[in-house]
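J.: build me a model:
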Amino acid sequence: MEVLKVSSHSSPNSVAGAIAGVVREKQMVEVQAVGAGAANQAIKAIAIARGYLAPIGMDLVCIPAFASILIDGEERTAIKLICEER
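T.: A predicted model of the protein is given here:
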């Protein structure tokens with residue numbers, strides 16, 4: 001599964017385009033965000049991506065979960081948003 005990493009500085013429109021593109025091709029994508037700002041941008045991007053996919057008959061759903069990732073040798077908890085077509 002392809003993983004898209006989102007930061008607090010990510011553009012929601014750009015991330016939404018990436019989400020929509022991967023879902024069109026592979027029917028599923030994982031979006032990872034660490035921190036409140038990144039999670040905010042990720043959620044906005046998913047909402048925008050739903051709007052991109054709806055006109056072609058795709059209904060995007062999101063399954064939230066936690067993931068442990070390493071950043072600079074330190075273990076951090078990330079929000080993992082698994083996005084797929086329903």
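
J.: and residue 81, helix, strand or coil?
T.: strand (DSSP: H, G, I helix; E, B strand; the rest coil).

J.: for residue 81, see how far away the spatially most central residue of the chain is.
T.: For the chain, the residue nearest the mean C-alpha position is residue 31 (2.9 Å; C-alpha atoms, centre = their mean). To residue 81, residue 31 is 4 Å away according to C-beta to C-beta, to the nearest Å. Where you see a C-beta, it was placed from the backbone N, CA and C, and this is true even at glycine.

J.: what is in contact with the two at once?
T.: 42, 46 (C-beta atoms under 8 Å, 6 or more residues apart in numbering).

J.: any idea where the helices of the chain begin and end?
T.: Assigned by DSSP state H, the chain shows helices spanning 12-26, 36-53.

J.: would you list those helices in TSV and tack on mean pLDDT?
T.: Shown next, in TSV, are the helices of the chain (pLDDT from 0 to 100):
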stretch	mean pLDDT
helix 12-26	96
helix 36-53	96
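
J.: return the residues in contact with the nearest residue to residue 11 once chain neighbours are set aside.
T.: Leaving aside its chain neighbours, residue 11 sits nearest to residue 41 (7.9 Å; criterion: C-beta to C-beta, 6 or more residues apart in numbering). Residues in contact with residue 41 (C-beta under 8 Å, 6+ apart) are 6, 7, 8, 9, 10, 11, 12, 15, 33.

J.: residue 68: neighbour count?
T.: Neighbours of residue 68 under the rule other C-beta atoms under 10 Å: 9.

J.: correct me, but it touches residue 76?
T.: Yes - between residue 68 and residue 76 there is a contact at 7.4 Å, judged by C-beta atoms under 8 Å.

J.: if I look at the residue of the chain most remote from its centre, how far off is residue 55?
T.: Distance from the C-alpha centroid of the chain, by C-alpha atoms, centre = their mean, peaks at residue 73 (23.5 Å). For residue 73, the distance to residue 55 equals 44 Å [C-beta to C-beta].
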